[in-house]
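1. no sequence on hand, only this structure:
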């Protein structure tokens with residue numbers, strides 16, 4: 001389990017045609033682009049995949065399309081995104097049947113519980129499914145920060161296989177790395193695109209970068225440098241990736257944060273010829289011509305177009 005879920009595992013974006021329907025051809029192209037870039041796994045139905053906006057049928061289409069294209073090349077880690085325990089269990093069983101090798105689970109949302117209820121939530125899901133479970137710490141979405149002591153306890157008891165941290169709390173992340181260091185087969189991933197070198201130096205097992213959709217090879221190069229102990233090379237690659245991350249700021253407040261970040265990733269992929277359209281899930285708008293031009297400049301200076 002520990003070696004299966006390490007490295008670069010990007011959260012796959014969900015391409016749409018201009019009419020808003022799922023673009024399975026572009027999704028296949030994107031999956032091949034990620035595999036060719038040397039990723040270690042694929043995170044499907046995450047925030048970068050616009051999962052809250054997908055219908056049940058669209059979720060199933062996305063997972064089945066990626067699973068068929070991947071054809072067992074790398075592990076599929078799939079989000080079981082629902083508000084409460086029984087709904088998560090139902091969703092988990094669906095995505096496992098579609099090919100998930102592991103599932104990713106948040107704390108409850110909308111119906112927000114406390115630490116005790118959250119522990120019951122994760123233990124009940126573990127009892128109901130046979131695949132590894134990763135806890136997804138994303139309080140910006142759930143309005144609940146997963147406590148370090150709870151994650152460590154769940155890890156020691158084998159309830160969760162690891163943590164995908166998108167909390168934005170670097171102190172808590174480092175404390176988790178320290179507290180979980182002696183837990184066997186327990187993998188911790190950062191979701192922060194521009195501090196991966198620091199996370200790996202602190203002991204993280206990998207990264208789940210939205211920007212990895214655009215430049216999977218860059219993140220793989222960073223991981224390889226870190227694995228070789230060449231931290232200067234890792235930092236240099238991280239610096240280049242930080243420059244590439246500037247694409248998410250091109251909308252400059254015109255759209256919501258979600259539309260800006262995901263819209264930038266989709267627009268970059270469109271410019272690179274990997275997906276057909278930068279259409280977003282309704283009601284988010286696509287990035288406009290001026291923003292597309294600004295993104296192209298950043299891609300060009302990073303050698304991606």
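-> Cool, the structure landed. From a predicted model like this one, the values you see are computed outputs, not experimental measurements.
2. helix or strand for residue 135, which one?
-> Using DSSP states H and E, residue 135 sits within strand 133-137.
3. list the helices and strands that strand packs on?
-> For strand 133-137, the packing partners by 3 or more Cβ pairs under 8 Å, 6 or more residues apart in numbering; DSSP states H and E come out as strand 102-105, helix 115-128, helix 148-156, strand 162-165. For every residue, glycine as well, the C-beta is placed using N, CA and C.
4. which secondary element of the chain has the worst mean pLDDT?
-> Least confident helix or strand, the chain: helix 139-142 with a mean of 94, by mean pLDDT, DSSP states H and E.
5. mind listing the strands for the stretch 1-150 of the chain?
-> 7-8, 42-44, 76-79, 102-105, 133-137 (DSSP state E, counting those that start in this stretch).
6. just put those in a markdown table and tack on distance to residue 302 and mean pLDDT.
-> Supplementary listing: the strands of the stretch 1-150 of the chain in a markdown table, determined by distance: least, Cβ to Cβ, whole Å; pLDDT from 0 to 100:
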| stretch | distance to residue 302 | mean pLDDT |
| --- | --- | --- |
| strand 7-8 | 17 | 97 |
| strand 42-44 | 23 | 98 |
| strand 76-79 | 27 | 98 |
| strand 102-105 | 29 | 98 |
| strand 133-137 | 29 | 98 |
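7. export the ones you listed to JSON lines and tack on distance to residue 90 and mean neighbour count?
-> Below are the strands of the stretch 1-150 of the chain laid out as JSON lines (distance: least, Cβ to Cβ, whole Å; neighbours: other Cβ atoms under 10 Å):
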{"stretch": "strand 7-8", "distance to residue 90": "30", "mean neighbour count": "25"}
{"stretch": "strand 42-44", "distance to residue 90": "17", "mean neighbour count": "27"}
{"stretch": "strand 76-79", "distance to residue 90": "14", "mean neighbour count": "28"}
{"stretch": "strand 102-105", "distance to residue 90": "12", "mean neighbour count": "26"}
{"stretch": "strand 133-137", "distance to residue 90": "15", "mean neighbour count": "24"}
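8. how about these in a markdown table, adding distance to residue 60?
-> Below are those laid out as a markdown table (distance: least, Cβ to Cβ, whole Å):
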| stretch | distance to residue 60 |
| --- | --- |
| strand 7-8 | 26 |
| strand 42-44 | 11 |
| strand 76-79 | 11 |
| strand 102-105 | 15 |
| strand 133-137 | 20 |
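9. which of those sits closest to residue 257?
-> Residue 257 sits nearest to strand 133-137 of all the strands of the stretch 1-150 of the chain, at 18.1 Å, using Cβ to Cβ.
10. that closest one pairs with which strands, and in what direction?
-> When pairing is defined by DSSP bridges, strand 133-137 lines up against strand 102-105 (parallel), strand 162-165 (parallel).
11. got these as a markdown table, with distance to residue 304 columns?
-> Output for the strands paired with strand 133-137, formatted as a markdown table (distance: least, Cβ to Cβ, whole Å):
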| stretch | distance to residue 304 |
| --- | --- |
| strand 102-105 | 28 |
| strand 162-165 | 26 |
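12. next up, the contacts around residue 302.
-> 215, 240, 243, 244 (Cβ atoms under 8 Å, 6 or more residues apart in numbering).
13. most surrounded residue in those residues?
-> When neighbours are taken as other Cβ atoms under 10 Å, the top entry among the contacts of residue 302 is residue 215 (26 neighbours).
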